[in-house]
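**Student:** Pasting the sequence and the predicted coordinates here, then a few questions.
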Amino acid sequence: MQLINKEQVKDWLSVYFIMGSPNCRKDPKETLEEAIEGGATLFQFREKGANALTGEKKWMLAAELQDVCRRQAIPFLVNDDIELAVKLEADGVHIGQEDAALSDVRKRLPGRIIGVSVHTMEEAIKAIDEGADYLGIGPVFPTATKADAQPVQGTKLIEEIRSAGLSIPIVGIGGIQAENAAQVVSSGADGVSVITAISQAASPREAAAQLKKAILEN
Ligand code: 3NM
């Protein structure tokens, strides 16, 4: 049974901001507050890479950012870390192909949003069959943020999924900026997920607003 409304998920995916402390140019809390004010519609806490926080410090930052999301009424998702998501009662998680099986995650987080990264049609169909609430597809463009990213695939898989008549919510990821966001949405994605475009911007507020504008104008 699909507990989560598909159209609602599609709306949430439109300007999907992802980050952790290593990604931010300024204070993560401030960055997130500004991003939401500018128009970010969903947030994923992804504390990874060089100097990533662990243990209690990671938990504390997650709780602080979750609080920002609650106050500004957007969903708070956790990348990979199911324990953290359960402990914080997060609104959902995002998992990759190497992470826990979707059925196990669903048991631990009933009624929450579960997003899955997919890179092929087979992975997409499997995730849909297992009940994923949305698919993350990338890297659409070259990205320096994820060291172990798959080869750049453009919008091909997004187009294939839509051509097959599959209506699952989809978000594109990887190297997306305001200038190329419309291309991702016009290929069939419901929104764009970004790290650098917002977290490294001089004004995260303005960067989020530009992304929103690019998507709305599409
Ligand atoms: N996942 P930026 S690409 C976290 O292809 C992540 O699955 C990807 O960061 C995938 O917006 C990526 O800075 C990094 O390019 C996205």
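**Tutor:** Yes, it's here.

**Student:** For Arg162, grab the count of nearby residues.
**Tutor:** Residues lying near Arg162 (other Cβ atoms under 10 Å) number 16. (C-beta placed from N, C-alpha, C; glycine too.)

**Student:** quick one: the nearest residue to it once chain neighbours are set aside from Phe17, how far?
**Tutor:** Distances taken as Cβ to Cβ, 6 or more residues apart in numbering place Gly188 nearest to Arg162, at 3.6 Å, with adjacent residues excluded. Note on Gly188: its distance to Phe17, by Cβ to Cβ, to the nearest Å, is 21 Å.

**Student:** of the two, who's got more company?
**Tutor:** Counted by other Cβ under 10 Å, Gly188 and Phe17 do not tie: Phe17 has more neighbours, with 27 against 19.

**Student:** tell me which parts of the protein are close to the ligand?
**Tutor:** By the rule Cβ under 6 Å from any ligand atom, the part of the chain lying against the ligand is 117, 136, 138-139, 143, 145-146, 149-150, 173-176, 194-197.

**Student:** buried subset of those?
**Tutor:** Buried subset of those (neighbour count, 16 or more other Cβ atoms under 10 Å): 117, 136, 138-139, 143, 145, 149, 173-176, 194-197.

**Student:** now the strands: where do they sit in the chain?
**Tutor:** Listed in chain order, the strands of the chain (DSSP state E) span 15-19, 42-45, 76-79, 92-95, 113-118, 134-137, 170-173, 191-194.

**Student:** Output these in TSV, with mean pLDDT appended to each entry.
**Tutor:** Putting the strands of the chain into TSV (pLDDT from 0 to 100) gives the following:
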stretch	mean pLDDT
strand 15-19	98
strand 42-45	98
strand 76-79	98
strand 92-95	98
strand 113-118	98
strand 134-137	98
strand 170-173	98
strand 191-194	98
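
**Student:** got these as a markdown table, with distance to Lys57 columns?
**Tutor:** Below are those laid out as a markdown table (distance: least, Cβ to Cβ, whole Å):
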| stretch | distance to Lys57 |
| --- | --- |
| strand 15-19 | 16 |
| strand 42-45 | 13 |
| strand 76-79 | 15 |
| strand 92-95 | 20 |
| strand 113-118 | 25 |
| strand 134-137 | 26 |
| strand 170-173 | 26 |
| strand 191-194 | 25 |
